[in-house]
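In: Show me the folded form of this:
(one chain, ligands or ions: 1)
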Amino acid sequence: MSEVLPMSFSCPVCQTPVAGTTADTTGSPDTATSSTATPSSGCPDCNKLLDLIRAKFPHQHNLCLEEITFAASFTEDLGCDSLDTSELLMALEGELALTIFEEAPERLKTVADVVRLVRQTQEKAAA
Ligand SMILES: [Zn+2]
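Out: Coordinates of the predicted model:
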């Protein structure tokens, strides 16, 4: 494969190359528009799941949506324990009509881990 275009990046979750579709936003984080493609976001599929995780996140944590990123650690950044993570997984299962099999929710360290798990589950379900 050839060179990587400067406008493209890989999804931090599934490593899918994502073409930079936002031509005119050259790195001004204070433009508070909705989630367009920035290096901190992922491919459309993973972004959709991130949005869902934000929507389903246990409310008792009182987090800003901006704090829930792919790289955010459940324990260190979001103040969650494995029980919260399980609760989130169950909410996602209900929303996506999936059975997410995870023996050890405590192994899920970051939001990206959950997105990756959900996507693997979806792929298995579709196979
Ligand atoms: Zn992705």
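In: For the rest of this, base every contact and every neighbour count on C-alpha atoms.
Out: Fine.
In: so how many other residues sit close to residue 122?
Out: 16 (other CA atoms under 10 Å).
In: now stretch 56-70: mean pLDDT?
Out: For stretch 56-70, mean pLDDT rounds to 85.
In: residues in contact with that stretch?
Out: 12-13, 40-41, 50, 54, 77-80, 84, 87-88, 91-92, 110-112 (CA atoms under 8 Å, 6 or more residues apart in numbering).
In: residues of that stretch that come out buried?
Out: Neighbour-count burial for stretch 56-70 flags 56, 57, 58, 68, 69, 70 (criterion: 16 or more other CA atoms under 10 Å).
In: can you tell me which of those are in strands?
Out: Members of these lying in strands (criterion: DSSP state E): none.
In: As a markdown table, the residues you listed with distance to the ion would be great.
Out: Below are the buried residues of stretch 56-70 laid out as a markdown table (distance: CA to the ion, whole Å):
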| residue | distance to the ion |
| --- | --- |
| 56 | 19 |
| 57 | 20 |
| 58 | 23 |
| 68 | 16 |
| 69 | 13 |
| 70 | 10 |
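In: And the furthest pair within these?
Out: By the measure CA to CA, 58 and 70 form the most distant pair in the buried residues of stretch 56-70, at 16.4 Å.
In: Any regions of this structure where pLDDT drops low?
Out: For the chain, the stretches with pLDDT under 70 are 1-7, 20-40, 60-61.
In: center of it - which residue?
Out: residue 50 (3.6 Å; CA atoms, centre = their mean).
In: did I read that right, it in a strand?
Out: No - counting by DSSP: H, G, I helix; E, B strand; the rest coil, residue 50 falls outside a strand, being helix.
In: ok so, going back, of the buried residues of stretch 56-70, which is the nearest to residue 46?
Out: Among those, and counting by CA to CA, the member closest to residue 46 is residue 70, at 9.0 Å.
In: What distance do you get for the closest residue to residue 118 other than its chain neighbours to residue 89?
Out: Excluding the flanking residues, the one nearest residue 118 by CA to CA, 6 or more residues apart in numbering is residue 100, at 6.8 Å. Distance, residue 100 to residue 89, using CA to CA, to the nearest Å: 7 Å.
In: Much appreciated, bye for now.
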